[in-house]
Each structure stands twice: as structure tokens, then as C-alpha cells.
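# got a sequence here, can you build the structure:
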Amino acid sequence: MAFVVGNTAVSWAVLARGRVQQSGGDDLRELRRSLRPDLEKIAEQYGGFERPSLVASVNPAGLERFLSFLAKTEVPRPLLAGKDFPISIKMDVEAPEKVGVDRLLGALAAWRQVRGPCITVDCGTAITVNAVSKQGVFLGGAILPGLHLMVKSLSRGTALLPEFLLEDKSWPPVGKNTEAAMAVGVFYGAAGAIARLVKEARAVIGRDAPVTITGGGSVRLLHLLPRSGPRGFRWEPALVPRGLFLAYQAGRKP
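Residues are numbered from 1 along each chain as shown. Have a look, this model is predicted:
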């Protein structure tokens, strides 16, 4: 299995017969109640866990908590991306050591699929838009607040705006109350920002560069983004865990 420890959630995927067969995500604060049942079902379905398991993380404290949880399960002791094996993707950025491994793994997976210029959009705690060159070089991109961070910042930065959980539904473009207006601003604002950032990235790497969108918030934004035609967004929920498998395979010693 492959696990990616984010700031608020753990995404995971099961590789069997050379392909991602299952994927999902669980709240980092609720691992015992949410991820443990998932792991038990996976172990039963596949007759145990293949070795090794793989982990990547952008959250040091969360990683420590996750590894402590994992040690109490039947999952084999994991190998850590960037420590036990490298992430084999070239970078053309000013501070390569500061680039989040999730951005690199998503870029690696997307490029390996198209073997050409491409863009990834990862909608997690933060939203990232990342550009990869024709040669498979990670060029950088943009980072903006994720959906829940937008709501939280509005609430904590104002006197009267509330903090609330965003509902999974379609919001009309004109909100009729405060929460609805905030939700409209967050959803439509995020979708508009993503569309503009993709346009700007395409101006750099190629106007027909395909876009892959992933992350927990991506499902909520798909209906606001184009999904058909050569310029549409392709949804890949297991993009980053798939990149983790690819990085391990490329970095494995013969």
C-alpha cells in the first residue's frame, strides 16, 4: 500500500497486479475509527499486505502520529519517500528542498502517463497548480488556500462571518444568506482561480497541456470546471499515491 500524509488527511492506494486497484482518504485525526476498518477490509480482500508499504508526508508531526498508528496494524513497516528511496524527478525551481513531496509525486505520475508537458491540480488543505515540462522537469506553480482554509480565514479574520462545514451540494451563483454567500465565494472563487492559473501555466508549457486534478476537495469543484474536450480536467483521485509507487519502482536498487 501507499500512504500520503497531508496536513489534515491521509490518502492511500492499493497496488495489485501492477495497477492501482483501490484508493481512498481518511481524516488524520480519526485514524483508529476510519482507516483501521479500511485496512482490515483490504487485508481480507487481498489476503494480507504486499511488501513493502510506502509513505510520503508533508506533515512531520502528522507523520509521527501516523507511523505510531501504523505500527499497531498488520501493515508492513513502511519505506519513506525521500529518505529510503528518492523521488526521481528533475526540478527547475529556486529551492528544490522546499518543494512538497506531494507536488512532486503528482507531477511524476501525470508526466509518466502523458510523456509530455502537463499540469496537476491538487485540492487539499492547500490548492496547488503545478507545471511539468515536455522533458518531465517540475517547473513550479502556484499555491493558494484550500476550501476549508478559505472559510476558516474569513471567519477568523472578521467579526461576524461564521465558521462552518461546507456542504456537498451545488450552490447557486448568488448566495441568499451569509453562509451561502461565503460558500459561493469559496467554490466559485477557487474554481475561477484554478482555471486562470491553468491558463497561465499553459501559456508557459503549451496551450494544449493536459490537466489532472486530484485531492479531497477536487470532487466538490469538478462541476465548476470543464471536463470534456482536449482542454478539460481529468480527475484522478489516486494521482499522488500512484506517483509514490512510481518513485519507489524507479529508485529501487536492483
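# from here on, just use CA atoms for contacts and neighbour counts.
Noted.
# where do the helices sit along the chain?
Counting by DSSP state H, the chain has these helices, from start to end: 31-46, 60-70, 101-114, 147-156, 178-205, 218-221, 239-251.
# quick one, which of those helices gets closest to residue 13.
Comparing the helices of the chain against residue 13 with C-alpha to C-alpha, the closest turns out to be helix 239-251 (5.9 Å).
# helices and strands around the closest one, which ones?
The helices and strands touching helix 239-251, judged by 3 or more C-alpha pairs under 8 Å, 6 or more residues apart in numbering; DSSP states H and E, are strand 2-5, strand 9-16, strand 54-57, helix 101-114.
# wait, which of the helices of the chain is closest to residue 172?
When the helices of the chain are ranked by distance to residue 172, counting by C-alpha to C-alpha, first place goes to helix 178-205 at 7.3 Å.
# and that closest one, what's buried?
If you call a residue buried by 16 or more other C-alpha atoms under 10 Å, then helix 178-205 has these buried ones: 179-180, 182-188, 190-191, 194-195, 197-199, 201-202, 205.
# for residue 116, which non-adjacent residue is closest in space?
Setting aside the residues directly before and after it, residue 116 is nearest to residue 134 in space (C-alpha to C-alpha, 6 or more residues apart in numbering), at 4.2 Å.
# let me see the contact set for that neighbour.
When contacts are counted by C-alpha atoms under 8 Å, 6 or more residues apart in numbering, residue 134 is found next to 115-118, 205.
# same question for residue 29.
8-9.
# against residue 198, how distant is residue 218?
15 Å (C-alpha to C-alpha, to the nearest Å).
# could you do residue 95 as well?
The gap separating residue 95 from residue 198 is 22 Å, by C-alpha to C-alpha.
# follow-up on the earlier one: by neighbours, which of the contacts of residue 134 wins?
Taking other C-alpha atoms under 10 Å as the neighbour criterion, residue 118 ranks highest of the contacts of residue 134 with 28 neighbours.
# list the contacts of the residue most central in space within the chain.
For the chain, the residue sitting closest to the mean C-alpha position, by C-alpha atoms, centre = their mean, is residue 215 at 3.8 Å. For residue 215, the contacting residues are 122-124, 237, taking C-alpha under 8 Å, 6+ apart as the criterion.
# ok, now residue 198?
Residues in contact with residue 198, defined by C-alpha under 8 Å, 6+ apart, are 119, 129, 211.
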